[in-house]
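Student: Can you look at this prediction? I've put the sequence above it.
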Amino acid sequence: MNKYINIILALAFLSVGTQLSAQVLDPSFAYKNIDYATFVSLVGKNNLAYSAEKFNVDIAEAEILQARVFPDPELSFEASDNGQRRMKMGYGFASELSWTVELGGKRHARMDVAKGQVQLTQLLLEDYFRNLRADATLAYLTALQNKMLLDVQQTSYEQMKKLSEADSIRYGLGSISQVDARQSKLEASTMLNEVFAAEAEWKSSLADLSTLLGDDQIDFLWNPTGDLKGLGRDFVLSELIGDAKVNRADLQAALQQKNLSSSLLKLAKANRAIDLGLSLGMDYASYVNNVIAPTPSMTTVKVGVSVPLKFSNKHPAEVRSAQWGILQAEKEHKQTTLVIQSEVTQAYHGYRAAQKQVAQFETGLLTDAQAILDGKIYSYQRGESSLLELLDAQRTYIEVQQNYYVTRYNCAAALVELERAVGIWDINF
């Protein structure tokens, strides 16, 4: 009788839903929790790549200042001395101020191009953040998923460890064979290795978060909080495509590229206009004391206008290049529109499929796997099933749990990709 009582006490540790806190993880590993809203906010403020992209706007704005600049005037000085000291031929000085007057609206056209480039750069920066925010969210979700998979592995290991300890007692009591006891111990050791691998994967995903945050400290890593539930959305595909055409910054950038190409054409035409060169000068010649031809000193003031001969206008390469650029921008705008429509459609159907997969797990798979494992444990306790049958049921249950978390991650990731494609954002968890 005592023999069976000891067996029952040993098997009492086997409860699938039990949460055990064994110290199998690295106790020296330090991390701090961070919620999603704080994480995204810090990414927008501290991400180094995004900060570098912001300088493109500053650079483009500086180009506006450069476009406003008028041509610089030129000031020249000359001195002459014929070197005939014995004949007293004298010396002279000359100075001239010249300036190019731009005609044809060149300055205004340059400023329009520079302003258009600023708007284009701002839209590209906005599109960069759209992708950065989505990528950062996927990294956050990956870290959450890896932590959940680690918890599954750790819980499964603890259950297997308890089973191994119980089988050691049962072997000592003569209830099972030595092979079964060793099999239980081997399974526990194998699961422990899987825990270590899952732990490394989790830590690696936390390191990715630090990179996105621009955080170079090494004392701890940031650990995301939250879960993968509550991210369900209902969408209408036609409305999403319409929203994408309004919200996508890259589509707006393609439209702005068309406007910029038009400004470049105006600048090319303006550059064909003839500029005028204005000059104002003064010459001074000293006394010539030569006895044969003495000459008094003389100061001469001169004003001049120069007109360039624009033979280069016979070859309007710049204008033609700008005209082709407009046509190219129009095609690229249409292509971007089609690509966005395709991206939204694909992301929508991917998200719908992921939702169905999650529902499949939540309406039967998890419950069935739990019931099967509980039944196998009960049968094993009564000696009606073998250890291999129990281990097979346990592996199936672990696999179902892991697949469930992976499917929930895929569903959340599909939502991120859908909202990235549409250019909307309401994700929070």
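Tutor: Noted; the coordinates are in hand.

Student: Show me the strands in this structure, by range?
Tutor: Per DSSP state E, the chain carries strands over the ranges 31-34, 74-81, 91-101, 221-224, 276-285, 298-306.

Student: For residue 118, which non-adjacent residue is closest in space?
Tutor: residue 60 (4.4 Å; Cβ to Cβ, 6 or more residues apart in numbering). Placement of C-beta: from N, CA and C, glycine included.

Student: The one you found: neighbour count?
Tutor: 20 (other Cβ atoms under 10 Å).

Student: Just give me the residue right at the centre of this structure.
Tutor: residue 132 (2.8 Å; Cα atoms, centre = their mean).

Student: Check the burial of the nearest residue to it once chain neighbours are set aside by counting its neighbours.
Tutor: Nearest non-adjacent residue to residue 132, counting by Cβ to Cβ, 6+ apart: residue 50, 5.6 Å away. Using other Cβ under 10 Å, residue 50 has 19 other residues around it.

Student: residue contacts, residue 50?
Tutor: Shown in contact with residue 50 (Cβ atoms under 8 Å, 6 or more residues apart in numbering): 43, 44, 128, 129, 132.

Student: Tell me the spacing between it and residue 136.
Tutor: Applying Cβ to Cβ, to the nearest Å, the value for residue 50 to residue 136 is 10 Å.

Student: Same question for residue 45.
Tutor: Residue 45 sits 12 Å away from residue 136, going by Cβ to Cβ.

Student: What of residue 206?
Tutor: From residue 206 to residue 136 the distance is 13 Å (Cβ to Cβ).

Student: Name the residue in these two with the higher neighbour count.
Tutor: residue 136 (24 against 20).

Student: pull the CA atoms of stretch 379-394 into CSV?
Tutor: Output of stretch 379-394 as CSV, limited to C-alpha atoms (Å, rounded to 0.1, in the frame of the first residue of the first chain):
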residue,chain,number,x,y,z
SER,A,379,-3.3,6.8,-18.2
TYR,A,380,0.4,6.8,-17.5
GLN,A,381,-0.3,7.2,-13.7
ARG,A,382,-2.6,4.2,-13.9
GLY,A,383,0.0,2.2,-15.9
GLU,A,384,-2.4,2.0,-18.9
SER,A,385,0.0,3.8,-21.3
SER,A,386,3.7,3.8,-21.9
LEU,A,387,6.2,6.6,-21.3
LEU,A,388,6.7,7.0,-25.0
GLU,A,389,3.0,7.7,-25.5
LEU,A,390,3.1,10.3,-22.8
LEU,A,391,6.2,11.9,-24.2
ASP,A,392,4.7,12.0,-27.6
ALA,A,393,1.5,13.7,-26.2
GLN,A,394,3.7,16.2,-24.4
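
Student: Could you list the buried residues of it?
Tutor: Neighbour-count burial for stretch 379-394 flags 380, 381, 385, 387, 390, 391, 393, 394 (criterion: 16 or more other Cβ atoms under 10 Å).

Student: Where does pLDDT dip in the protein?
Tutor: The chain contains residues with pLDDT under 70 at 1-27, 82-90, 230, 288-294, 381.

Student: Could you list the domains of it?
Tutor: Using automatic domain parsing, the domains assigned to the chain come out as 2-69+102-274+310-422, 70-101+275-309.

Student: and those as CSV, adding distance to residue 429?
Tutor: Formatted as CSV, these follow (distance: least, Cβ to Cβ, whole Å):
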stretch, distance to residue 429
domain 2-69+102-274+310-422, 4
domain 70-101+275-309, 56
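
Student: looking at the ones you listed, which is buried most?
Tutor: The highest mean neighbour count among the domains of the chain, using mean count of other Cβ atoms under 10 Å, belongs to domain 2-69+102-274+310-422: a mean of 17.

Student: so how far is that one off the chain centroid?
Tutor: Relative to the centre of its chain, domain 2-69+102-274+310-422 is centred 12 Å away, using Cα atoms, centre = their mean, to the nearest Å.

Student: swap in stretch 281-289?
Tutor: 70 Å.

Student: Just the CA atoms of it, as CSV, please.
Tutor: Provided in CSV are the C-alpha atoms of stretch 281-289 (Å, rounded to 0.1, in the frame of the first residue of the first chain):
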residue,chain,number,x,y,z
GLY,A,281,36.1,101.2,-64.4
MET,A,282,38.7,103.9,-64.0
ASP,A,283,42.2,104.3,-65.6
TYR,A,284,44.9,106.6,-64.4
ALA,A,285,48.1,107.5,-66.4
SER,A,286,50.8,109.5,-64.7
TYR,A,287,52.9,112.4,-66.3
VAL,A,288,55.2,111.5,-69.1
ASN,A,289,58.2,113.9,-68.8
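
Student: Perfect, I'm done here.
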